[in-house]
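> I need the structure of the sequence given here:
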Amino acid sequence: MPASTTATTATTSTGSRPPSSVPRPDGPGASALEGAAAALCGLVAMAAVAWLALWLLGAGSVGSPGTMAMALAAMAVGGSVSAGSVNSGGGAGGSGSIGSMLSGLFGGGGGGMSPSMGGAADVAPLGVTLVGSLVLWLVFSRRLRQRHVTARELGARAAGAGAAALVAFALVATLAHGTFSLPASAMSRGLGGGGQGAGASGAGSGAMGALGGMFGGSGSSGSGGAAQDTTMSYDVHVGATAFGVLVWVAVVLALGCLVSRRVRVPLGGAVDRVRPGWAPSLSAVVRTLLVLVVVPMALVTFVGVVVGGRVGTVAGGVLLLAPNALAVLLTLGVGAPWTAATHPVQSQGGNPLASLMGALGGGGQQATAQQTDRTEHLRSLAAGGWPLWLGALVVTAVILLSCAFVAARNTVPAHSRPLHRYDGPLARQLGTAERFGVVTAVVLGSAAWLAGASGHFGVSMFGSEMGGMRAELSGSVLWTVVFGLLGGGVAGFLGSLLRTADLYGGMTSARRILARKSPSAASSHAPAPGTDPGTLEAPLGNR
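Below you'll find the predicted structure:
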């Protein structure tokens, strides 16, 4: 009887003991709110980095850093910026100047036939994009690193992040409009003036002075007047921003789910079967590129904030465009062509203002005609006496070979078979080469596409451009993919051979032989011989 009572008491105490704390799945509403919070945190981080870069660049002297930071955040996800002149009724040119008479004749304060300046910029500050992507994924996956998630919960989080990012960035793009001051000297250089050429020193500068007076300037340097800055307005295209932010959120979340070592997501189906073979290569390349970008950005930014001056200006540019520069360097290293080109815009025939400018300046059109297209191939440049492409080749080869070695080390042999039917002695090496080559081609091709930039600035009247300048930095995405596939394949093959040599060398070392014979060598985490982990975490070293 006492024993039965004791057993009953023990059973009762055990039954009343609270179960072990296992996190329960969040509801759809809570998951969507956490995803929305991740998107908003990414936006705040992007705006903060953009503001810091503008502060280092001294952009506060030409416009409002707040609205400029919002514009950069929108551009970081695919938005484009356009600018136009802001005409004022009281220009510095005086009521009797040619510019004032033309402005009054054609509408002055912004009429449809008045002279107007305009421009557009299509460039992605990938430094801002990178910081926002990291913050988005870290906040999005914070709870996911603590427990397993269901497909429903993951979908709710992704939907919340996408919806919040769409609304927030559309609002930012709508509010990202303001004005900035464009120096008169920049306007003259952009239009091909400035009086530097042999035929443009006299009449050309006079024509540019008359043109500057139309927009509130006070003549040219040749007339002795002090040039006045021109005020321009800018705004962001909301449609391009909205589309770009949806693509950005989808790519960041998909990439994070594939390369994360702690987050276990139930993608299911063919993805879970393919992921163990491809994820090590993708993880090695993405993580290496992140380290190569984030560490220099952080160091240079810290030095720029402390030192200031010209160092701060350089730090601001690095904070915005360091990933762009790395993308150009790596794609040059695999052999892709990059060109930087400028194209002066000539005044179109039949423009009545062209003959007027010729009458005012005599040689104004001649000065403009002297400007020709200029194209610079980056691979032909030299740094320190060495060709730029040679340095890029060495850096890219070292990076790809290191990534391939890490990918081969983290890939389970069962998932390193070739994509085609081949069971020869080099089957594992060929399988690693194929997967690593495809991953390299996709990553470098995307980098080449994102790093391209273009811009346009000009003066228009009567519906046609009188002059201006177009500039672009472009690389061939197709050639980058082809060369990346070849270079990545070679690097993957050599990296797998190095891994095999290292593996056999380690097996024959006396220290490892003794370690394998010791009783403590057996690990509870090691799979049984002949078994296949079959998960993403095993090839990536997760436990």
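> how about low-confidence regions in the stretch 251-400 of the chain?
Counting by pLDDT under 70, the stretch 251-400 of the chain contains low-confidence residues at 264, 266-272, 346-371, 384.
> Going along the chain, name the strands of it.
Ranges of strands in the stretch 251-400 of the chain, per DSSP state E, counting those that start in this stretch, are 338-345, 374-377, 382-383, 386-387.
> Is it possible to get CSV of those that adds mean neighbour count?
(C-beta placed from N, C-alpha, C; glycine too.) Putting the strands of the stretch 251-400 of the chain into CSV (neighbours: other CB atoms under 10 Å) gives the following:
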stretch, mean neighbour count
strand 338-345, 18
strand 374-377, 12
strand 382-383, 10
strand 386-387, 12
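> Now the ones you listed in CSV, please, with extra columns for distance to Val236.
Output for the strands of the stretch 251-400 of the chain, formatted as CSV (distance: least, CB to CB, whole Å):
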stretch, distance to Val236
strand 338-345, 24
strand 374-377, 29
strand 382-383, 35
strand 386-387, 39
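> Which strands or helices does the one helix or strand Val44 maps to pack on?
Following DSSP states H and E, one finds Val44 within helix 28-57. Under the contact criterion of 3 or more CB pairs under 8 Å, 6 or more residues apart in numbering; DSSP states H and E, helix 28-57 touches helix 65-76, helix 126-140, helix 151-175, helix 269-307, helix 309-333.
> redo that, cut-off 7 Å
helix 65-76, helix 126-140, helix 151-175, helix 309-333 (3 or more CB pairs under 7 Å, 6 or more residues apart in numbering; DSSP states H and E).
> Would you mind finding the most buried of those helices?
Neighbour counts (mean count of other CB atoms under 10 Å) averaged over each of those peak at helix 65-76, with a mean of 26.
> Specify the angle between that helix and helix 309-333 in degrees.
Angle of helix 65-76 versus helix 309-333, following axes from the mean of the first three to the mean of the last three CA atoms, to 10 degrees, is 10 degrees.
> could you give me the average pLDDT of helix 65-76?
Here helix 65-76 scores 94 as its mean pLDDT.
> Following element in sequence after it, please.
strand 81-85.
> what mean pLDDT does that next one have?
Here the average pLDDT along strand 81-85 is 85.
> returning to that earlier point: okay, the angle between the helix holding Val44 and helix 65-76?
Using the same axes, to 10 degrees, helix 28-57 lies at 120 degrees relative to helix 65-76.
> For helix 28-57, buried residues please.
31-43, 45-54, 56-57 (16 or more other CB atoms under 10 Å).
> among the strands of the stretch 251-400 of the chain, which is nearest His177?
strand 338-345 (25.1 Å; CB to CB).
> got a list of contacts for the closest one?
If you take CB atoms under 7 Å, 6 or more residues apart in numbering as the criterion, strand 338-345 is touched by 192, 328, 331-332, 371, 373-379, 458, 465, 467-475.
> what lines up beside it in the sheet?
Using DSSP bridges, the strands paired with strand 338-345 in its sheet are strand 374-377 (antiparallel), strand 464-475 (antiparallel).
> Pick out the shakiest of the ones you listed, pLDDT-wise.
Here the strands paired with strand 338-345 differ in mean pLDDT, and the lowest is strand 464-475 at a mean of 81.
> For Phe457, give me the backbone phi and psi.
Main-chain dihedrals, Phe457, degrees, to the nearest 10: phi -140, psi 130.
> What lies in contact with stretch 242-254?
39, 77-79, 133, 136-137, 140, 158, 161-162, 165-166, 169-170.
> what's the closest of the helices and strands packed on helix 28-57 to Ser116?
Closest to Ser116 of the helices and strands packed on helix 28-57 is helix 65-76 (CB to CB; 20.5 Å).
> Give me the helices and strands touching the closest one, please.
Applying 3+ CB pairs under 7 Å, 6+ apart, we find helix 65-76 packed against helix 28-57, helix 126-140, helix 151-175, strand 230-236.
> what about dumping the CA coordinates of that helix to CSV?
What follows is helix 65-76, C-alpha atoms only, in CSV (Å, rounded to 0.1, in the frame of the first residue of the first chain):
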residue,chain,number,x,y,z
PRO,A,65,20.5,65.3,-47.2
GLY,A,66,17.2,63.9,-46.0
THR,A,67,15.4,63.8,-49.3
MET,A,68,18.7,62.9,-51.1
ALA,A,69,19.0,59.9,-48.7
MET,A,70,15.5,58.8,-49.5
ALA,A,71,16.3,59.1,-53.2
LEU,A,72,19.4,56.9,-52.8
ALA,A,73,17.4,54.3,-50.9
ALA,A,74,14.9,54.1,-53.7
MET,A,75,17.7,53.9,-56.3
ALA,A,76,19.3,51.1,-54.3
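> burial measure for Arg147, as a count.
By the criterion of other CB atoms under 10 Å, Arg147 has 12 neighbours.
> wouldn't Leu154 be in contact with Val265 here?
Yes. Contact status for Leu154 versus Val265: in contact at 5.8 Å, counting by CB atoms under 7 Å.
> Count the residues that sit near Leu258.
18.
> Begin at 388 from now on, thanks
Let's use 388 as the start, then, which means that last one is Leu645.
> Now do the buried residues in stretch 790-802.
If you call a residue buried by 16+ other CB under 10 Å, then stretch 790-802 has these buried ones: Cys790, Ala791, Phe792, Val793, Ala794, Ala795, Arg796, Asn797, Thr798, Val799, His802.
> mean confidence for it?
Rounded mean pLDDT across stretch 790-802 is 85.
> ditto for stretch 867-884
For stretch 867-884, mean pLDDT rounds to 93.
> Would you mark the buried spots in that stretch?
Buried residues in stretch 867-884 (16+ other CB under 10 Å): 867-872, 874-884.
> For Met684, give me its contacts.
Contacts of Met684 (CB under 7 Å, 6+ apart): Gly514, Val705, Leu706, Ala709.
> Rebuild the residues you listed as TSV, extending it with distance to Val693.
Below are these laid out as TSV (distance: CB to CB, whole Å):
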residue	distance to Val693
Gly514	19
Val705	14
Leu706	14
Ala709	18
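> wait, which of those is closest to Ala456?
Leu706 (12.0 Å).
> So that closest one versus Leu441, what's the distance?
Distance of Leu706 to Leu441, given as CB to CB, to the nearest Å: 10 Å.
> just Val692 next, same as before
Taking CB to CB, one finds Val692 at 13 Å from Leu441.
> Whichever helix or strand Leu884 is part of versus helix 656-694: what angle between them?
Counting by DSSP H and E, the element that carries Leu884 is helix 864-894. If you take the same axes, to 10 degrees, helix 864-894 sits at 100 degrees to helix 656-694.
> So which elements touch helix 864-894?
helix 775-797, helix 814-838.
> export those to JSON lines and tack on distance to Leu676?
Output for these, formatted as JSON lines (distance: least, CB to CB, whole Å):
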{"stretch": "helix 775-797", "distance to Leu676": "8"}
{"stretch": "helix 814-838", "distance to Leu676": "7"}
